[in-house]
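A.B. asks: Provided below for reference: sequence and predicted model.
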Amino acid sequence: MKVADYIIQTLEDHGISHAFLVYGAANGSLVDAFTRMKNIKYVCAQHEQAAGFMAEGYAKVSGNFGVAIATSGPGGMNLVTPIGNCFYDSVPCLFLTGQVKTQFMRPDDSIRQIGFQETDIVSIVTPITKYAVMITDAKDVPTELEKAIAIMKSGRPGPVLIDLPIDVQKADIKVKHSYRREMKTPLPSVANHCRMLLNAIKNSKRPYILVGGGARRAIMGIKYISDKFNIPVSPTWNAIDLVTSDWPNYAGRVGTYGGDGRNFGIQNCDLLICIGTRISGRITGGDPESFARSAKKWVIDIDKSNDEALKSQGIKIDNFIHADANHFLHEFVDFVEKNVDKQNRLLDGYFDKWMIQCLAWKERYDPVKLHLASEHEYVNPYAFMRMLSNLCGPHDIIVSDCGGNQVIFAHSFKTKDGQRCFTNNGNSPMGFSMCGAMGAWFAQTKKQPSPLMDKLIDSCNLTQFTLPGENLTVKEWYPNVICIIGDGGMQMNIQELQTMKNYGINIKVIVLNNHIYGITKAFQKVNFEGRAEACEPPHYTVPDFAKIASSYGISNISIHKNEDINIALQQFLKMPGPSIMDVNCHDWHEYYPKISGWKTPIEDMEPLLSNEEFINNMLIPISKTSKCARGLIHVDK
C-alpha cells in the first residue's frame, strides 16, 4: 500500500468526510489517493489560507478534527495563519504539507535551499502546533500519523502538522495491524474540590458563573449548577452559543466590549466560578486587579499552565482546579445529588434577589436600545443584527469575522439554544468567517427545508424587536449557514466565491459594509487624536460587492435603509444556493458599550453613566476616595 493511500484511508477511518486543499506537485500523491476512497472527498479552495480556515470551521461544527493539505514552500507557509487560529482557539486540525524529495533537501542549516520550493515548514510552525514532524522514512508513517492524531485530540486540543517528502508519499509500506492509539491522561480525584465548591456556594451571597469555549462538552453540568442553585451565567465570546440568550439564567455578555448588563453582574459578585476560560485581557481589561474585585475566584481548566498565566496577569485565583471541565462537573453534579436533600432545593430562594438584579441589568443595558437612538442615514447595523437574530432558526450556524462586525454581533445577536455561533477569537484574522462558514457547511448534517409552524415562530420570539411598521411573521423557514463579515474581511478572501460557486455551497454571506476599517477608525479616534490613516478613502476603498457576486454567478441583494431590513432579510434567508447581501452602513464606527480606557475597570464603560446611576449599580462597599479615569467613584480593589 502506498503511503499516500494509507494516510487518506486513515483519515476516512477516523470519520473525516472532507479535506480542504490547494493542489501542488509536492502533494500530488496525497490528492490522487482520494480517487481510490469511497467516503472521503477533497474540496479545492483557491488559496491555502482559505483551505485552513475551512478545516477549522469543519472541526468546530463536526465535533471531529479538520484536515487541510498544501504543497511545499509557499503552500505550507500560507497555512501558518490557520494553524495559529487552531492553536489559540484549541481546535483539533491535522495539517499535511508536501515536501521536496529527500535527495534534494538541504543537509544542514548553513545551506539556504536546494530543492525548488523547499522550506523548513516544521521549524516555522513548531511554536504554534502541539506536534510537528517531517517523516523521511516511509515505515514511520503509521506510527507518526496516529501519534499526531492522538496528541492533537488529547488534553487541550490543537493543531498538528506532518511534512511529507514526495518520495515518501509514493513509497510502499506494509500495514499488518491498526496503529490507532489514544492518549489518556489519568484524571486526579476531584472529590475534595467538589466539597469545597459546594461550601463556597453555600457561603456566598452573589455567586456568578463565567463560561468559556473550553466548556463545550460540560454544558449540561453548567446548566444543572445554574438551575439548581439559581446562579446567573455569562459566556465569553467563544461560548455565546453555549450560554444562549434564551437561558432563564443568562445574565448578559462580559468583557471590554461588555454587552447587555455592562459587566455589573460579574463586577458585583462575591464568588466567581470560571469554567473552561483562560480569562483573557479581553475579559478583564487592562486593570486585571479590579476584575471581579471582591469575589473569590475559582477556575476549572484542563490547561495547568493557565494557572501561572493568570497569576502573571495580576489576577488572584483562590482555587485553580486542573481538570477536564466535563469530568469535574460530572463528579460535582453526582456529589450534589448525594449531599443535597432532593426534596428541598439547596438555599431555596437565597439567591433570588441577586438573580433578579442581574437580569434587570441585562434588560436595562441592552446595547441595541442604545444604538437605536443614533441618527444614521444608512442601515443601523445594531438594528440589522437584532433583526437577523430574531429571524434565525434554532438550528442555524452563524460564523462571524474579525473587527467591528464581530463586536456588533456579540453586542446584538440573541442566540437560541441549538444554534452554533463561532468566530476565531484568539488569532482573529480578517477574512476567516466566509471560509469558516464553508467548512461548517460541509460538516453539518444536511437539512431539508421545512415549514415554520406557529410553535416555531413563538420559540424564535420574533416579536422581540421591531422597527416601526414592520411585521415579523415568517411563513417559511430554512436552516441556514450564515457568514457575518465586514467589507475589509470580505476582500481578504474574496476569491473563495469561486469555491462557493464550484461546490454549490449554500451559505448566506452578509457584508456589513461601512466602507472603512471601522474598529481601526474608532481606535484611531481615541489614540491618535482622530487621525484616520490607512482605514478610509482614499487609501482604503471598497468595490461593488453585488457586481462582484454577479460576476461569479452568485445571487445577491443590497440594502441601504433601515426600512428595508425586514423584507430584505426574509427574502435573503430563503434564497436557494450561495447568496450575498451587501448591507450599506456607511462610515459606522460606533461600538458601545466599551471600557472608557484600557486601564479602567470593566464596569466603567462608555457611553458614560451618570455618577448617581453608576454608584447605585454597585452593590459592594464604595470608596469615597477611589475614582475611575473619567472621575466616577468606583469600588475598592
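C.D. replies: Happy to help now that I have it.

A.B. asks: hey, where'd the helices end up in the stretch 451-600 of the chain?
C.D. replies: 454-459, 487-492, 497-503, 518-527, 545-551, 565-573 (DSSP state H, counting those that start in this stretch).

A.B. asks: which strands and helices sit next to the last one?
C.D. replies: Packing contacts for helix 565-573, counted by 3 or more Cβ pairs under 8 Å, 6 or more residues apart in numbering; DSSP states H and E, involve helix 381-391, strand 507-513, strand 555-559, strand 579-584. Any C-beta I mention is one placed from the backbone N, CA and C, and that applies to glycine too.

A.B. asks: ok, residue 386 touching residue 370?
C.D. replies: No: the pair residue 386 / residue 370 is not scored as a contact, 11.8 Å apart, by Cβ atoms under 8 Å.

A.B. asks: list the contacts of residue 256.
C.D. replies: Residue 256 is in contact with 281, 282, 283, 285, 594, 595, 598, 602, counting by Cβ atoms under 8 Å, 6 or more residues apart in numbering.

A.B. asks: and the pLDDT for the second one?
C.D. replies: For residue 282, the model assigns a pLDDT of 91.

A.B. asks: and it, how far from residue 389?
C.D. replies: Distance, residue 282 to residue 389, using Cβ to Cβ, to the nearest Å: 22 Å.

A.B. asks: likewise the third one?
C.D. replies: If you measure residue 283 against residue 389 using Cβ to Cβ, the figure is 23 Å.

A.B. asks: for the first one, same thing?
C.D. replies: Distance, residue 281 to residue 389, by Cβ to Cβ: 27 Å.

A.B. asks: between the two, who's got more neighbours?
C.D. replies: Counted by other Cβ atoms under 10 Å, residue 281 and residue 389 do not tie: residue 389 has more neighbours, with 24 against 14.

A.B. asks: pretty sure the more buried one contacts residue 415?
C.D. replies: Yes: between residue 389 and residue 415 there is a contact at 7.3 Å, judged by Cβ under 8 Å.

A.B. asks: so what sits against both of those two?
C.D. replies: Common contacts of residue 389 and residue 415 (Cβ under 8 Å, 6+ apart): residue 245.

A.B. asks: quick revisit: deepest of the helices and strands packed on helix 565-573, which one?
C.D. replies: Mean neighbours per residue, mean count of other Cβ atoms under 10 Å, is largest over those for strand 507-513, with a mean of 26.

A.B. asks: that one pairs with which strands?
C.D. replies: Take DSSP bridges as the rule and strand 507-513 pairs in its sheet with strand 481-486 (parallel), strand 579-584 (parallel).

A.B. asks: what angle sits between that strand and helix 565-573?
C.D. replies: Per axes from the mean of the first three to the mean of the last three Cα atoms, to 10 degrees, the angle that strand 507-513 makes with helix 565-573 is 140 degrees.

A.B. asks: run a quick neighbour tally on the closest residue to residue 77 other than its chain neighbours.
C.D. replies: Counting by Cβ to Cβ, 6 or more residues apart in numbering, residue 119 is the residue found nearest to residue 77 once chain neighbours are left out, at 6.4 Å. For residue 119, the tally of surrounding residues (other Cβ under 10 Å) stands at 19.

A.B. asks: which residues touch stretch 316-333?
C.D. replies: With Cβ under 8 Å, 6+ apart as the criterion, stretch 316-333 contacts 187-188, 190-191, 193-194, 196-198, 200, 214-215, 217-218, 221-222, 224-225, 275-276, 289, 296-302, 304, 306-307, 310-311.

A.B. asks: make a PyMOL selection of the buried ones in the contacts of residue 256.
C.D. replies: In PyMOL, a selection of the buried entries from these looks like this (16 or more other Cβ atoms under 10 Å):
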select buried, resi 282+283+285+594+595+602
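
A.B. asks: so which of the contacts of residue 256 is the closest to residue 361?
C.D. replies: residue 602 (13.4 Å; Cβ to Cβ).

A.B. asks: SS state for that closest one?
C.D. replies: On the three-state scheme (DSSP: H, G, I helix; E, B strand; the rest coil), residue 602 is labelled coil.

A.B. asks: go ahead and confirm it touches residue 258.
C.D. replies: Yes: in this structure, residue 602 is within contact of residue 258 by Cβ under 8 Å, at 6.1 Å.

A.B. asks: report the set of residues contacting both of those two.
C.D. replies: residue 595.

A.B. asks: CA atoms only for the host helix or strand of residue 50, dumped as CSV, please.
C.D. replies: Taking DSSP states H and E as the definition, residue 50 sits inside helix 48-62. The C-alpha trace of helix 48-62 is given here as CSV (Å, rounded to 0.1, in the frame of the first residue of the first chain):
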residue,chain,number,x,y,z
GLU,A,48,-4.3,27.6,1.2
GLN,A,49,-5.2,30.1,3.9
ALA,A,50,-8.8,29.7,3.0
ALA,A,51,-8.4,25.9,3.0
GLY,A,52,-7.1,26.1,6.5
PHE,A,53,-9.9,28.3,7.7
MET,A,54,-12.4,25.8,6.1
ALA,A,55,-10.8,23.0,8.0
GLU,A,56,-11.2,24.9,11.3
GLY,A,57,-14.9,25.6,10.6
TYR,A,58,-15.3,21.9,9.7
ALA,A,59,-13.7,20.9,13.1
LYS,A,60,-15.8,23.3,15.1
VAL,A,61,-19.1,22.0,13.7
SER,A,62,-18.4,18.4,13.1
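
A.B. asks: for it, packing partners?
C.D. replies: Using 3+ Cβ pairs under 8 Å, 6+ apart, helix 48-62 is in contact with strand 18-21, strand 66-70, helix 80-88, strand 93-99, strand 420-422, helix 432-443.

A.B. asks: flag the shaky bits of the stretch 501-637 of the chain, pLDDT-wise.
C.D. replies: Scanning the stretch 501-637 of the chain for pLDDT under 70 picks out the ranges 621-637.

A.B. asks: any idea how far residue 52 is from residue 493?
C.D. replies: Using Cβ to Cβ, residue 493 is found at 11 Å from residue 52.

A.B. asks: give the buried residues for stretch 73-83.
C.D. replies: Within stretch 73-83, the residues scored as buried using 16+ other Cβ under 10 Å are 73, 75, 76, 77, 78, 79, 80, 81, 82, 83.

A.B. asks: wait, which of those is closest to residue 488?
C.D. replies: Taking Cβ to Cβ as the measure, residue 488 sits nearest to residue 81 out of the buried residues of stretch 73-83, at 15.5 Å.

A.B. asks: if I pick the closest one, what's in contact with it?
C.D. replies: Residues in contact with residue 81 (Cβ under 8 Å, 6+ apart) are 49, 52, 427, 429.

A.B. asks: re the thing from before, need the winner for burial among the helices of the stretch 451-600 of the chain.
C.D. replies: Stretch with highest mean neighbour count among the helices of the stretch 451-600 of the chain: helix 487-492 (a mean of 24; mean count of other Cβ under 10 Å).

A.B. asks: any idea of the mean pLDDT for it?
C.D. replies: 96.

A.B. asks: got a list of contacts for it?
C.D. replies: By Cβ under 8 Å, 6+ apart, helix 487-492 touches 401-403, 405, 429-434, 509, 511-515, 517, 540, 542-543, 545.

A.B. asks: can you turn the buried part of the residues you listed into a ChimeraX selection?
C.D. replies: Command for ChimeraX that selects the buried part of the contacts of helix 487-492, burial taken from 16+ other Cβ under 10 Å:
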select :401,402,403,405,429,430,431,432,433,434,509,511,512,513,514,515,517,540,542,545
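
A.B. asks: let's have the contacts of residue 256 in CSV, adding distance to residue 69.
C.D. replies: Output for those, formatted as CSV (distance: Cβ to Cβ, whole Å):
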residue, distance to residue 69
281, 35
282, 33
283, 36
285, 41
594, 40
595, 42
598, 41
602, 42
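
A.B. asks: and of the contacts of residue 256, the nearest to residue 2?
C.D. replies: Closest to residue 2 out of those is residue 282 (46.8 Å), distances taken as Cβ to Cβ.

A.B. asks: run through the residues that contact that closest one.
C.D. replies: By Cβ under 8 Å, 6+ apart, the neighbours of residue 282 are 237, 255, 256, 257, 425.

A.B. asks: count of residues packed around the fourth one?
C.D. replies: One way to gauge burial is a neighbour count; for residue 257, by other Cβ under 10 Å, it gives 23.
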